[in-house]
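> Can you look at this prediction? I've put the sequence above it.
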Amino acid sequence: MDFELSKRARRDIEAALDEDNLKDKIRRKLLALKMRDAGAPRDMIASSLGLTVRTVANYIAQFREGGFKAIMEDRAYCPESSIEPHLGAIEAAFRQEPVGCAKQARIRIVKLTGIELSLSQTRRVMLRLGMRYRKAGQIPGKADTDRQLEFLDQELRPKLMEAAEGKRKVYFVDASHFVMGAVLGMLWCFARVFVRGASGRKRYNVLGALDSQTREVTTVSNDSYITAPTVCELLEKLRAQESQLPLTLVLDNARYQKCKLVFEKAEELNVELLYLPPYSPNLNIIERLWKHVKQACLKNTYYEDFNSFRGAIDDEIVKVNTTLQEELSTLFSLNFQIVDIKQKGIL
């Protein structure tokens, strides 16, 4: 036989193979030597370990030249990229001013470092830095972060705590104006899909109130306009549902919600109106409901007539109150995201 291990080498190999944290590559080397020592042909060793015959021969030659110590070395070729010393500067530049695509990133990297990368290399660099291709979010340009935090801590959260203790009902109120037309969105498909667009611009208006605790939705709807009398109708409906507990409605500053008629009706029904700070849709949980409805029954969907369109919206709201209660519990959680417009990353 052209290859045979010494007793000491056999002991060293057996001891190394018993280690739990042994790298797979080193383990295959040791197994190849052990099998060859037992008389196994090189082609059988290669087939069993997923190697080539040439690789098995290289392992044997490596052992003959350097012994057990040489076999335990990981000689993988890992050259250091020329971009490595510049990663900190690239990260700082991209944090200050994000890029829209890999082409823009490649140009910026050339200007920063003088190194020209391929597009695939550029993407790998951005992924390595922790960057991901994300859709930009939108926040109102005039949002006042300090005012939002003050409102949340001093006005809204105390009311929500009372609601959690069963001492009050808190509703998040807002209107959505669904326009009968194509609501387009992304699809996984083999070819581009076209959705038929409905003719006309008919609207279905829904004024809703979302219970902060039960997540049930109460609505008033029409196909004309949401006006102050519509808001009064909703107040009466909510008071009829709850005749004992104090009611608090969290709503925005739309004119039809903040007028004399609504004030008088709220006072008559003993309903507290808690108005959000200007430009604060992020503090109104019912905004998430409207987004869900559009996603669930309107996205990439064509309705032949207005009755079908309106019926689909009504049916989805019914599901929110019944079969989807548990599924949407996370969506309607009382967690509020407040983005600091003074921080970096806001364009």
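Structure received. Please read these numbers as outputs of a predicted model, since none were measured by experiment.

> Excluding chain neighbours, what is closest to Phe306?
Closest residue in space to Phe306, ignoring its immediate chain neighbours: Lys202 at 5.2 Å, by Cβ to Cβ, 6 or more residues apart in numbering. Backbone N, C-alpha and C define where each C-beta goes, glycine included.

> Let me see the ranges of the helices in this protein.
Counting by DSSP state H, the chain has these helices, from start to end: 7-17, 24-37, 42-49, 53-71, 87-96, 102-113, 119-128, 145-151, 157-164, 228-241, 260-269, 286-293, 306-321.

> what does the fifth one contact?
Which is helix 87-96. 83, 105, 108-109, 112-113, 125-126, 128-129, 131, 344-345 (Cβ atoms under 8 Å, 6 or more residues apart in numbering).

> tell me the mean pLDDT for it?
Over the span of helix 87-96, the pLDDT mean works out to 92.

> just to revisit the earlier point, could you tell me how many residues sit around the residue nearest to Phe306?
Using other Cβ atoms under 10 Å, Lys202 is surrounded by 15 other residues.

> Please tell me I have it right and it contacts Phe178.
No - the criterion here is Cβ atoms under 8 Å, and Lys202 misses it with Phe178 at 9.5 Å.

> intersection of neighbour lists for the two?
Going by Cβ under 8 Å, 6+ apart, residues that sit against Lys202 and also against Phe178 are Phe309.

> State the phi and psi torsions of the residue nearest the centre of the chain.
Centroid-nearest residue in the chain: Arg134, 9.1 Å away (criterion: Cα atoms, centre = their mean). Reported as degrees, to the nearest 10, the phi and psi values for Arg134 are phi -120, psi 150.

> rewinding a little: make TSV from the contacts of helix 87-96 and add neighbour count and pLDDT to it.
Formatted as TSV, the contacts of helix 87-96 follow (neighbours: other Cβ atoms under 10 Å; pLDDT from 0 to 100):
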residue	neighbour count	pLDDT
Ile83	18	89
Ala105	22	93
Arg108	16	93
Ile109	24	94
Leu112	15	93
Thr113	16	93
Val125	23	92
Met126	19	92
Arg128	13	89
Leu129	13	91
Met131	17	91
Lys344	8	47
Gly345	10	51
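
> so where's the stretch 1-150 of the chain uncertain?
Applying pLDDT under 70 to the stretch 1-150 of the chain picks out residues 1, 75-80.

> Which positions in stretch 160-171 come out as buried?
Within stretch 160-171, the residues scored as buried using 16 or more other Cβ atoms under 10 Å are 160, 162-163, 168-171.

> Identify, from the residues you listed, the entry nearest to Asp223.
Set against Asp223, the nearest of these by Cβ to Cβ is Tyr171 (23.6 Å).

> hang on, the closest one packs against Leu247?
Yes - with contact defined as Cβ under 8 Å, Tyr171 reaches Leu247; the gap is 7.1 Å.

> tally of neighbours for the nearest residue to Leu187 once chain neighbours are set aside?
Spatial nearest neighbour of Leu187, excluding adjacent residues (Cβ to Cβ, 6+ apart): Val193 at 5.6 Å. Val193 is flanked by 9 other residues according to other Cβ under 10 Å.

> Thr227 too?
17.

> wouldn't the residue nearest to Leu187 be in contact with Asn300 here?
Yes - counting by Cβ under 8 Å, Val193 does reach Asn300; the two are 7.2 Å apart.

> Can you give me the first-to-last residue distance of stretch 301-310?
13 Å (Cα to Cα, to the nearest Å).

> how distant is that stretch from the center of its chain?
Computed by Cα atoms, centre = their mean, to the nearest Å, the chain-centroid distance of stretch 301-310 equals 30 Å.

> which residues sit against it?
Against stretch 301-310 from outside (Cβ under 8 Å, 6+ apart): 178, 180, 182-183, 195-198, 202, 204, 221, 223, 312.

> Pull out the buried positions in it.
Buried-residue list, stretch 301-310, by 16+ other Cβ under 10 Å: 303, 309-310.
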